[in-house]
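J.: this one's sequence-less:
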């Protein structure tokens, strides 16, 4: 392993750097190289021993000596597979978070989780802003889209519930009016006076027992007083 650690990469942007330096300073790039090389070996029947392939083989053998790096390669492969699953429309939640302590969680499982720590983490992402093209930006967009869809569904459910209760309320009001009308008709029939032959009875309109007094129209009259102050004999003076 000491000899392999001094080998240098023969291609790419870190050309000339040792394998040890790559695992210490460019873990993501090295995991991508190792994962892509393993996929090529799995899907290719005849393997050509070119200098580039030999250099990738040496890098893969050297990286297997570090368990943490092996986990990073597995995570990178899972990230690529989840990205392929999230390509169809409506399947964006199948992508992995890809960062933070919940990097192995899918976006859908993180958003729908009932765990208090995950809920607080989602609320934290709602307040964050990120650089374009990063995994954090993808996670924030997914959370915002789910929030908007949830608000729209809640508003539609409220409108549907309101619309369903209006006909029932109208039916109740109409039933009450019909019952009141029947009660009035029954009361009139009970108090109906016997009609004479050839006569029709018309019920008198309802009148209140108390009279409405208008002080402007009905003024108080003074009591009648007899003209006692006049004498019985009236004298007429002639000039």
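T.: That came in fine, so what should we check first? In this text the structure is predicted, and so the values were computed from the model without any measurement.

J.: surely residue 7 touches residue 61?
T.: No - in terms of C-beta atoms under 8 Å, residue 7 does not count as a neighbour of residue 61; the distance is 10.0 Å. The C-beta positions use only the backbone N, C-alpha and C, and glycine is treated the same way.

J.: which residues do the two both contact?
T.: Between them, residue 7 and residue 61 share no contacting residue under C-beta atoms under 8 Å, 6 or more residues apart in numbering.

J.: the helices in this protein, which residues?
T.: For the chain, the helices defined by DSSP state H cover 2-5, 19-25, 27-43, 51-63, 67-85, 107-112, 116-126, 135-190.

J.: could you give the mean pLDDT of the first one?
T.: Over the span of helix 2-5, the pLDDT mean works out to 79.

J.: quick one: contacts of that helix?
T.: The list of residues contacting helix 2-5 from outside it, by C-beta under 8 Å, 6+ apart, reads 18-20, 58, 61-62.

J.: going by neighbour count, which of the residues you listed are buried?
T.: By the neighbour-count criterion of 16 or more other C-beta atoms under 10 Å, the contacts of helix 2-5 include these buried positions: 18-19, 58, 62.

J.: about what we covered before: nearest to residue 100, of the helices of the chain?
T.: Proximity of the helices of the chain to residue 100 was assessed by C-beta to C-beta; the nearest stretch is helix 116-126, lying at 7.4 Å.

J.: by how many degrees do the closest one and helix 135-190 diverge?
T.: Using axes from the mean of the first three to the mean of the last three C-alpha atoms, to 10 degrees, the inter-axis angle of helix 116-126 relative to helix 135-190 is 100 degrees.

J.: what about residue 86, how many neighbours?
T.: Other residues within reach of residue 86 by the criterion other C-beta atoms under 10 Å amount to 19.

J.: name the nearest residue to it, ignoring sequence neighbours.
T.: Nearest residue to residue 86 in three dimensions, chain neighbours excluded: residue 95, at 3.8 Å (C-beta to C-beta, 6 or more residues apart in numbering).

J.: repeat that for residue 103.
T.: Across the structure, with C-beta to C-beta, 6+ apart as the measure, the residue nearest residue 103 apart from its sequence neighbours is residue 97 (5.2 Å).

J.: does residue 79 touch residue 97 like I think?
T.: No - proximity of residue 79 to residue 97 does not meet the contact threshold set by C-beta under 8 Å, at 9.5 Å.

J.: who has more neighbours out of these two?
T.: Residue environment comparison for residue 79 versus residue 97 gives the larger neighbour count to residue 97, 23 against 19, counting by other C-beta under 10 Å.

J.: contacting residues for that one?
T.: In this structure, residue 97 makes contact with 103-107, 110, 135, 139, judged by C-beta under 8 Å, 6+ apart.

J.: please repeat the previous calculation with a cut-off of 10 Å.
T.: Taking C-beta atoms under 10 Å, 6 or more residues apart in numbering as the criterion, residue 97 is in contact with 79, 82, 103-107, 109-110, 121, 125, 135-136, 138-139, 142.

J.: what of residue 21?
T.: Taking C-beta under 10 Å, 6+ apart as the definition of contact, the neighbours of residue 21 are 5, 8-9, 14, 30.

J.: among these, which two are most distant?
T.: Greatest spacing in these, by C-beta to C-beta: 5 and 14 (14.9 Å).

J.: which one is residue 52 nearest to, not counting chain neighbours?
T.: Using C-beta to C-beta, 6+ apart and skipping the chain neighbours, the partner closest in space to residue 52 is residue 11 (5.8 Å).
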